[in-house]
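Student: Fold the stuff below for me.
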Amino acid sequence: MRRRGEFRIASTLRAEPAAVWERAMSPEGINAELAPLLRMTVPRGTGSLDLRNLGPGPLGRSWLLLFGLVPFDYDQIGIERIEPGRGFLERSTMLSQRFWEHERTIEAAEGGTRIADRLAWEPRPPLPGRLLRPLIAALFRHRHRQLQRHFGGELAPQ
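Tutor: You can find the predicted model right below:
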């Protein structure tokens, strides 16, 4: 039985698309979005999670650290598509997820930039899918609040 879930969120930020891309695609920006709840490590041999300098393909394993300290899951990162200045599509597996897909798009909007995230996942047993959606939604709402604090802005209509 497939237990796939999906969630979407978008924000309008008061900054130019290039500034949002620069922040949102850097390792420091990614971890600033996750802080203080989580931190991601850089896959061995990659040198950086900086998507500005990486191409499509497997990147390796990135550990997810609860409160920046306690390893609790990993992301076997695979990049399907990178469009510099516009977004990316990640398709990965995780310890907790048989399938994980994160698509982020960045585009000019009235008053700044619209940044949108689309997540799709399929948990590995015995994780109950109905419990994961609220957790993933809360994490990405937190990420968007962090972006809004940094740039100014608000949630955008879907």
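
Student: which residues sit against stretch 61-68?
Tutor: 35-44, 49, 71-77 (C-beta atoms under 8 Å, 6 or more residues apart in numbering). Just so you know, the C-beta spots here come from the backbone N, C-alpha and C atoms, and that holds for glycine as well.

Student: Okay, and which of these map to strands?
Tutor: For the contacts of stretch 61-68, the ones inside strands are 38, 39, 40, 71, 72, 73, 74, 75, 76, 77, with DSSP state E as the criterion.

Student: Most neighbours of all the residues you listed, which one?
Tutor: residue 77 (25 neighbours; other C-beta atoms under 10 Å).

Student: And that one, how far from residue 112?
Tutor: Residue 77 sits 29 Å away from residue 112, taking C-beta to C-beta, to the nearest Å as the criterion.

Student: and residue 15, what helix or strand is that in?
Tutor: Element membership for residue 15 (DSSP states H and E) is empty, with no helix or strand holding it.

Student: Assess the claim that it and residue 148 are in contact.
Tutor: No: between residue 15 and residue 148 there is no contact under C-beta atoms under 8 Å: 10.6 Å.

Student: now the ones in strands among the contacts of stretch 61-68 as a markdown table including pLDDT?
Tutor: Putting the ones in strands among the contacts of stretch 61-68 into a markdown table (pLDDT from 0 to 100) gives the following:
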| residue | pLDDT |
| --- | --- |
| 38 | 97 |
| 39 | 96 |
| 40 | 94 |
| 71 | 97 |
| 72 | 95 |
| 73 | 96 |
| 74 | 97 |
| 75 | 96 |
| 76 | 96 |
| 77 | 93 |
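
Student: any idea which of those residues is closest to residue 56?
Tutor: residue 77 (11.3 Å; C-beta to C-beta).

Student: what's the closest non-adjacent residue to the closest one?
Tutor: Of all residues not flanking residue 77 in the chain, residue 59 sits nearest, at 4.1 Å (C-beta to C-beta, 6 or more residues apart in numbering).

Student: Pretty sure that neighbour sits against residue 80.
Tutor: No: Residue 59 lies out of contact with residue 80 (C-beta under 8 Å); the separation is 11.4 Å.

Student: With neighbour numbers in mind, choose between those two.
Tutor: Taking other C-beta under 10 Å, residue 59 and residue 80 do not tie; residue 59 has more neighbours (22 against 13).

Student: Tell me how far that one lies from residue 118.
Tutor: According to C-beta to C-beta, residue 59 and residue 118 sit 20 Å apart.

Student: what do you get for residue 136?
Tutor: Per C-beta to C-beta, residue 136 is found 11 Å from residue 118.
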